[in-house]
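[1] below are the sequence and a predicted model for it; my questions follow.
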Amino acid sequence: MELKDYTAEELSAFYDACKKAYVDFQAQGLKLDMSRGKPSPAQLDLSAGLLDCASNEDMHGEAGDYRNYGILDGIPEAKRLFAPMLGVRPEELFLLGNASLQAMFMTISYAYSHGLMGNTPWGRLEKVKFLCPVPGYDRHFKITEFFGAEMINIPMTEDGPDMDMIENLVSNDAAVKGIWCVPQYSNPTGIVYSDETVRRFASLKPAAKDFRIFWDNAYAIHHLCDEPKSIPPILEECKKYGTEDMVIEFASTAKVTFAGAGVCMMAASEATLADLTKGLSCFTICFDKTNQMRHVKFFDGKFENIVKHMEKHRAILEPKFRTVTGILDRELKPLGIGEWTEPKGGYFVSFNAPAGCAKRIVRLCKEAGVVLTGAGAAFPYGIDPDDKNIRIAPSYPDVPELEKAMELFVLCAKIAAAENLRHSHR
């Protein structure tokens, strides 16, 4: 029987039992942090060979001495290795430091200070609007909030963001300058954009000449299933419509090798890369080419070896995702409390609590020793209008720790849902 069908007396008894169990949890002194999608130590150990896979002699590559200055856009060996990850040509790829977030921030900053491809700098405009599929990636929203853009929520569907809404806004409002996208296993929902959604993005007809799609393909190869769904390469789709300057794609090996020492990549038309290089050439003389070469050596220069490497990640991650969804299914589904995703890849499970309960659940978990991503973080300005979405990040704890954390989570969800119902019964 679902919780909403309990009598007042049954609901009161249920609530009292949950509160007693919660006090017992508090006494256990738990200290678990599930606030970010961090790779676990076991995952990081998969790439331990990076630390000693290349010699001094290996740093003399086909484009010169990689220990020295120069080669701003990245070494050719690494470009060839990573280009298949995004479905682009090596000459459409620019390799930067260790974090794609830096590349996104740099691009937005350049648009504000100097303008994209000769257009008016955004910083000189009265209004800049940015489209934000929700729930989405909190750090994306922090960037555009930092620069003062007006962020507009775009609801997500099973096929990706609401394209009717996007097409209407983009084609009719020149103040709309960009959109954040995580097309493969969206953060946090795990949604994979449909082929039709990708084509509709590529065929957009923006009112603003400098409208840009920020295509953060962070989880392009982070599969958790046998037959993963692939999406059409966005840059190739754009070429069919002559819109290749409209998209800038980002990715990194942060969750492939070392989270703090990976390789970031940015893919775009050659014209776009030439424009952004004006700023990048002032920013640095080169990025870490020795790290790029270590990645080449570690994977023997073959993309198929990266794919095999990701299967090792899957073997570690998949049981954790099963643990999360299994406990949710067992404890909350029969009570009709909340809804959640069962992603086929990526790093998160998106949980929708009953409206008005998310902040309460997160606070209860924290007070019993389990830290989650803040409720509302997956929305611009940290404001979830329904106070229902919670991002669950299963990757870092081991399975026994995760089981304990999820037992607490479902208990807190029961308490919050019962409180809501008791209040509505008054």
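    Received it, and whenever you're ready, just let me know what you need.
[2] ok, Lys113 to Ile248 distance?
    Actually, residue 113 is Ser. It isn't Lys. According to CB to CB, to the nearest Å, Ser113 and Ile248 sit 16 Å apart. From N, CA and C alone the C-beta is placed, and that goes for glycine too.
[3] looking at the two, which has the bigger crowd around it?
    Taking neighbours as other CB atoms under 10 Å, Ser113 and Ile248 compare with Ile248 leading, 25 against 13.
[4] which residues touch the closest residue to the more buried one other than its chain neighbours?
    Leaving out its chain neighbours, the residue that sits closest to Ile248 by CB to CB, 6 or more residues apart in numbering is Ala268, at 4.7 Å. Ala268 makes contacts with Glu92, Phe94, Leu235, Glu244, Asp245, Val247, Ile248, Glu249, Leu276, as judged by CB atoms under 8 Å, 6 or more residues apart in numbering.
[5] could you dump those into TSV and include pLDDT, secondary structure and distance to Pro84?
    Output for the contacts of Ala268, formatted as TSV (pLDDT from 0 to 100; DSSP: H, G, I helix; E, B strand; the rest coil; distance: CB to CB, whole Å):
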residue	pLDDT	secondary structure	distance to Pro84
Glu92	98	helix	12
Phe94	98	strand	16
Leu235	98	helix	13
Glu244	98	helix	18
Asp245	98	helix	23
Val247	98	strand	18
Ile248	98	strand	19
Glu249	98	strand	13
Leu276	97	helix	22
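[6] can you give me the end-to-end span of stretch 191-207?
    The first and final residues of stretch 191-207 sit 28 Å from each other (CA to CA, to the nearest Å).
[7] rewinding a little: for the contacts of Ala268, which one is nearest Leu204?
    For these, the residue nearest Leu204 by CB to CB is Val247; the value is 9.6 Å.
[8] hang on, the closest one packs against Glu236?
    No - assessed by CB atoms under 8 Å, Val247 is found out of contact with Glu236, at 10.4 Å.
[9] who's more crowded, these two?
    Val247 (22 against 15).
[10] chain neighbours aside, what residue packs nearest to the more buried one?
    Using CB to CB, 6+ apart and skipping residues adjacent in sequence, the residue nearest Val247 is Ile213, 4.4 Å away.
[11] just the element for the one you found, please.
    Using DSSP states H and E, Ile213 falls within strand 212-216.
[12] so what touches that strand?
    With CB under 8 Å, 6+ apart, strand 212-216 has contacts from 100, 104, 107, 111, 116, 137, 140, 177-183, 201, 204, 234, 246-251.
[13] redo that, cut-off 7 Å
    Contacting residues not belonging to strand 212-216 are listed as 100, 104, 116, 140, 177-183, 201, 234, 246-250 [CB atoms under 7 Å, 6 or more residues apart in numbering].
[14] mind checking which of the residues you listed land in helices?
    Those of the contacts of strand 212-216 mapping onto helices are Ser100, Met104, His140, Phe201, Ile234, per DSSP state H.
[15] where does the prediction get shaky in this structure?
    In the predicted model, the chain carries pLDDT under 70 at residues 425-426.
[16] contacting residues for the residue nearest the centre of it?
    Per CA atoms, centre = their mean, the C-alpha nearest to the average position across the chain is that of Asn187, at 3.9 Å. Contacts for Asn187 (CB under 7 Å, 6+ apart) come out as Gly136, Tyr137, Gly346, Phe348.
[17] and the first one, what does it touch?
    The one in question is Gly136. Trp180, Asn187, Ala378.
[18] closest one to Cys53 out of the residues you listed, please.
    Asn187 (30.2 Å).
[19] I figured Thr325 hits Glu342, correct?
    Yes - Thr325 is within contact range of Glu342, at 5.3 Å (criterion: CB atoms under 7 Å).
[20] okay, the two: which has more neighbours?
    The neighbour comparison of Thr325 against Glu342 (other CB under 10 Å) goes to Thr325, with 19 against 13.
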